[in-house]
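*Asks:* Need coordinates for the below:
(2 chains, ligands or ions: 1)
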Amino acid sequence: MPIVLIVAEQQPDGHLRKASLNAITAGKQLADKAGAELHIALIGKDPAKVADELKGTGAKAVHVGAAPELEHYLAETYAPVLATLATELKADFVGMASTAQGKDLLPRLAARLKAAMATDVTGLNGSGGDITFNRPMWAGNVFAEVKLTTPVKVFTVRATEFAAAGSGEGAAEVKTFTPKVEASKTKFVEFKEVKSARPELTEAKVVISGGRGTKGDFKEIEALADELGAAVGASRAVCDAGWVPNDLQVGQTGKVVAPALYVAAGISGAIQHLAGMKSSKTIVAINKDAEAPIFQVADYGIVADLFKVLPELRAELHKLK
Amino acid sequence: MKILVTAKRVEDPESKIKVKPDGSGIVQEGLKYKINPFDEIGVEEGLRLVAKHQGEVVVVSIGGKEVQEQLRHALAMGAHRAVWVNHTGPLDQFGIAALLQKVTEKEKPDLVILGKQSIDDDQNQVGQYLAEFLDWGQATFASKVESMESEQEKNKVPAVTLTADGKAVRVIREVDNGLATLECQLPAVVTTDLRLNTPRYASLPGIMKAKSKPIEELTPEKLGVDVTPKIQIVKLASPPARKAGIKVPDVATLVDKLRNEAKVV
Ligand SMILES: Cc1cc2nc3c(=O)[nH]c(=O)nc-3n(C[C@H](O)[C@H](O)[C@H](O)COP(=O)(O)OP(=O)(O)OC[C@H]3O[C@@H](n4cnc5c(N)ncnc54)[C@H](O)[C@@H]3O)c2cc1C
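*Replies:* Residues are numbered from 1 along each chain as shown, chains lettered A, B, ... in the order given. Below is the predicted model:
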């Protein structure tokens, strides 16, 4: 029976990265189409706790590899361990969420497996041995259906396109193994976390984003976000200027989000920005310029000064509580 | 220091990309082409490193003769010489990395700097494949702590730094929830993120000088690489269009719509 192997990710703080659950759903869909068995891989210094969270996601087995040398994630140490596991399992497909780690790791793993790879997969087609992947190109202006012709096929999953796997589906067998970790030419030095009390941008139900129109004053953006329990996002212009952390950039080359409500304030709506938020359920645009392209994707647009609209909006929403 | 940088030819990021009705490709008419913006950041970083530590920046591009435009652009920015891998026809990331591996083995640079992704394919793979093929260390998504408005940036200080013994590079990477710092033993592969630097404009003397800088021509055959694609594009399609929305006159109407129509607040 063919095997689909999904790599789950542990955050530096030890928690499961939630996008892993969306990748598992993609893996399940793929396994259904390919007539395959779903397996999950999880490696790190202390992955056992997280492994329990994966047991009920509908996989056949969770392969858990613990080694002290895997404390800090490095593509050079993780890729060989996962390649060995994939080879031993005779995995036909290897996938992971399109997180920063997924994007760094999977191409290296694919190269090791002599496999072709599809990045940011948004959908799956076909059946049996004839599977194709859908993925965005040109900042999401084009969607390609691609076929990978190598024996092993590698892919990353755009989390917003697949629901998160639940926890009540069967009980996967947890199989532990001891990874052989190769010496690495790269050394981990440090990780500086940007701490935020707000929800994770890619997981939030509501995202309030500010652009250059804020002139760097994010107070009203943040106040509205806090009123709604929302995450804060930004355009490239804002991150480049150093007004907010880079990690908040939404777009083609930043985060992809699809919340129930996305508010874009003082953002013009360049295609690179739209690429990261166009799948949001409801989009609100606040912009002084009635011709701004953001209005072409907005469900509700308001042509006005954001510094006037945002406090008013917050006050009105507060009244609803 | 010898640095190899890449210069892929891509559609201008401002272009409107449209799919041909039969889904076989994109409409080429009226498109302008540029160096991939992430590669341009790579060229800039290479130039800054060489300005500080001496050495040479070699730029490579793969494609038909039109990619010489992008090579000349990098040469006009200040790269010293160019390598053109003459190839027309389909090519995937596996093939690109295999070609770059051979060029790297030939040039023996201390560092290869590539864009983290090209804005046409949006695959974000080649640097990582290349590092694995070469068995080198990798630092993807290189960035820095200082903003694009900082003194460091104005003074064109390289963000990728050499360690005291000169045997490794220190790279700050943009990752989820923060910045990670790695030290890669040289030789190594680095891929650039947007906030590594702001590329310089080519000066007029730079453009003149570029005309006489050498471009070496290679081919996949000469490099001994079979580039038969392992990724087949079955078809291209346009994304579903969002249905047109409305403009609301005031905040009260907006809140009413969000509550009673969209039901999101
Ligand atoms: C390779 C590449 C990758 C990129 N990747 C990304 C990406 O991932 N994400 C991204 O966002 N961008 C990305 N960009 C940049 C993108 O092309 C745009 O430059 C950027 O999104 C513009 O940001 P902005 O809308 O905030 O600024 P601007 O385009 O300057 O727009 C500011 C807007 O604010 C409005 N405004 C001004 N003052 C007010 C006010 N008081 N009240 C209301 N409205 C006001 C103006 O009318 C204007 O529409 C990328 C570009 C390239 C080349």
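*Asks:* Only C-alpha atoms from now on, for both contacts and neighbour counts.
*Replies:* Noted.
*Asks:* Same question for the lowest-mean-pLDDT helix or strand in chain A: list its buried residues.
*Replies:* Here the helix or strand of chain A ranked lowest by mean pLDDT, DSSP states H and E is helix A:48-54, holding a mean of 93. Neighbour-count burial for helix A:48-54 flags A:48, A:50-51, A:54 (criterion: 16 or more other CA atoms under 10 Å in any protein chain shown).
*Asks:* what separates it from the chain centre, distance-wise?
*Replies:* Mean-position distance between helix A:48-54 and its chain equals 20 Å (CA atoms, centre = their mean, to the nearest Å).
*Asks:* Next: stretch A:25-42.
*Replies:* 18 Å.
*Asks:* Quick check: end-to-end length of it?
*Replies:* Start to finish, the residues bounding stretch A:25-42 are 16 Å apart (CA to CA, to the nearest Å).
*Asks:* do the same with stretch A:51-59
*Replies:* So stretch A:51-59: terminal residues 12 Å apart, CA to CA.
*Asks:* And the contacts of it?
*Replies:* For stretch A:51-59, contacts defined as CA atoms under 8 Å, 6 or more residues apart in numbering or on different chains pick out A:21, A:24, A:28, A:37-40, A:42, A:61-62, A:64, A:165-174.
*Asks:* 7 Å - rerun?
*Replies:* A:38-40, A:62, A:64, A:165-172 (CA atoms under 7 Å, 6 or more residues apart in numbering or on different chains).
*Asks:* next one: phi and psi at B:Asp39?
*Replies:* Dihedral pair for B:Asp39: phi -70, psi -40, per degrees, to the nearest 10.
*Asks:* Mind pulling the model confidence for it?
*Replies:* As predicted, B:Asp39 sits at a pLDDT of 98.
*Asks:* correct me, but it touches B:Gln117?
*Replies:* No: at 8.4 Å, B:Asp39 does not count as touching B:Gln117 under the criterion of CA atoms under 7 Å.
*Asks:* quick one: which of these two has more around it?
*Replies:* Each of B:Asp39 and B:Gln117 has its neighbours counted (other CA atoms under 10 Å in any protein chain shown); B:Asp39 has more, 27 against 22.
*Asks:* burial measure for A:Val232, as a count.
*Replies:* Residues lying near A:Val232 (other CA under 10 Å) number 29.
*Asks:* For it, which residues are in contact?
*Replies:* A:201, A:207-209, A:222, A:225.
*Asks:* so can I have JSON lines of these showing neighbour count and secondary structure?
*Replies:* Shown next, in JSON lines, are those (neighbours: other CA atoms under 10 Å in any protein chain shown; DSSP: H, G, I helix; E, B strand; the rest coil):
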{"residue": "A:Leu201", "neighbour count": "24", "secondary structure": "coil"}
{"residue": "A:Val207", "neighbour count": "32", "secondary structure": "strand"}
{"residue": "A:Ile208", "neighbour count": "24", "secondary structure": "strand"}
{"residue": "A:Ser209", "neighbour count": "26", "secondary structure": "strand"}
{"residue": "A:Glu222", "neighbour count": "21", "secondary structure": "helix"}
{"residue": "A:Ala225", "neighbour count": "22", "secondary structure": "helix"}
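*Asks:* Of all pairs in those, which one spans the longest distance?
*Replies:* A:Leu201 and A:Glu222 (13.0 Å; CA to CA).
*Asks:* Quick check: A:Ala111 is in a strand.
*Replies:* No: A:Ala111: not assigned to a strand; according to DSSP: H, G, I helix; E, B strand; the rest coil it is helix.
*Asks:* Setting the sequence-adjacent residues aside, check what's closest to it.
*Replies:* Nearest non-adjacent residue to A:Ala111, counting by CA to CA, 6 or more residues apart in numbering or on different chains: B:Tyr129, 5.1 Å away.
*Asks:* Tell me which helix or strand that neighbour sits in.
*Replies:* According to DSSP states H and E, B:Tyr129 maps onto helix B:126-134.
*Asks:* Do me a favour and average the pLDDT over that helix.
*Replies:* For helix B:126-134, the per-residue pLDDT averages 99.
*Asks:* I'd like to know which elements that helix is packed against.
*Replies:* The contact analysis (3 or more CA pairs under 7 Å, 6 or more residues apart in numbering or on different chains; DSSP states H and E) places helix B:126-134 against helix A:100-112, helix B:93-107, strand B:137-143, strand B:188-192.
*Asks:* continuing past the first one, what's the next helix or strand?
*Replies:* Same thing as helix A:100-112. strand A:116-121.
*Asks:* Equivalent analysis for the longest one, please.
*Replies:* If you walk from helix B:93-107 toward the C-terminus, the next helix or strand you reach (DSSP H and E) is strand B:111-115.
*Asks:* for that following strand, packing partners?
*Replies:* Secondary-structure packing of strand B:111-115 (3+ CA pairs under 7 Å, 6+ apart): strand B:2-6, helix B:37-53, strand B:188-192.
*Asks:* Would you mind telling me which of these is nearest chain A?
*Replies:* Ranking the helices and strands packed on strand B:111-115 by their distance to chain A (criterion: CA to the nearest CA) puts strand B:188-192 first, at 8.7 Å.
*Asks:* what comes up buried for that closest one?
*Replies:* Buried-residue list, strand B:188-192, by 16+ other CA under 10 Å: B:188-192.
*Asks:* Show me the two of those that sit farthest apart.
*Replies:* The widest separation within the buried residues of strand B:188-192 (CA to CA) is 13.2 Å, between B:Ala188 and B:Thr192.
*Asks:* Would you check that B:Gln70 makes contact with B:Ile35?
*Replies:* Yes: contact criterion CA under 7 Å: B:Gln70 and B:Ile35 qualify, at 5.4 Å.
*Asks:* shared neighbours of these two, anything?
*Replies:* Shared contacts of B:Gln70 and B:Ile35, defined by CA under 7 Å, 6+ apart, comprise B:7, B:9.
*Asks:* Chain A: helices as residue ranges?
*Replies:* Taking DSSP state H as the criterion, chain A contains helices spanning A:19-34, A:48-54, A:75-89, A:100-112, A:219-228, A:236-240, A:271-274, A:306-319.
*Asks:* where among those helices is the average confidence lowest?
*Replies:* Ranked by mean pLDDT, the helices of chain A end with helix A:48-54 at the bottom, a mean of 93.
*Asks:* Next one: A:Ile3 relative to chain B, how far apart?
*Replies:* Relative to chain B, A:Ile3 is positioned 20 Å away (CA to the nearest CA, to the nearest Å).
*Asks:* measure that residue to the ligand for me?
*Replies:* For A:Ile3, the distance to the ligand equals 34 Å [CA to the nearest ligand atom, to the nearest Å].
*Asks:* Could you do A:Glu69 as well?
*Replies:* 34 Å.
*Asks:* what number of residues lie near that residue?
*Replies:* Neighbourhood size, A:Glu69 [other CA under 10 Å]: 17.
*Asks:* Tell me which residues touch it, please.
*Replies:* By CA under 7 Å, 6+ apart, the residues touching A:Glu69 are A:45, A:181.
*Asks:* Can you name the residues bridging to the most centrally placed residue in chain B?
*Replies:* With distances taken as CA atoms, centre = their mean, B:Gly115 lies nearest the centre of chain B, 2.5 Å away. Counting by DSSP bridges, B:Gly115 is bridged to B:Thr192.
*Asks:* With B:Ile215 instead?
*Replies:* Counting by DSSP bridges, the residues bridging with B:Ile215 are B:Ala82.
*Asks:* next one: A:Phe191
*Replies:* Going by DSSP bridges, A:Phe191 forms beta bridges with B:Ala180.
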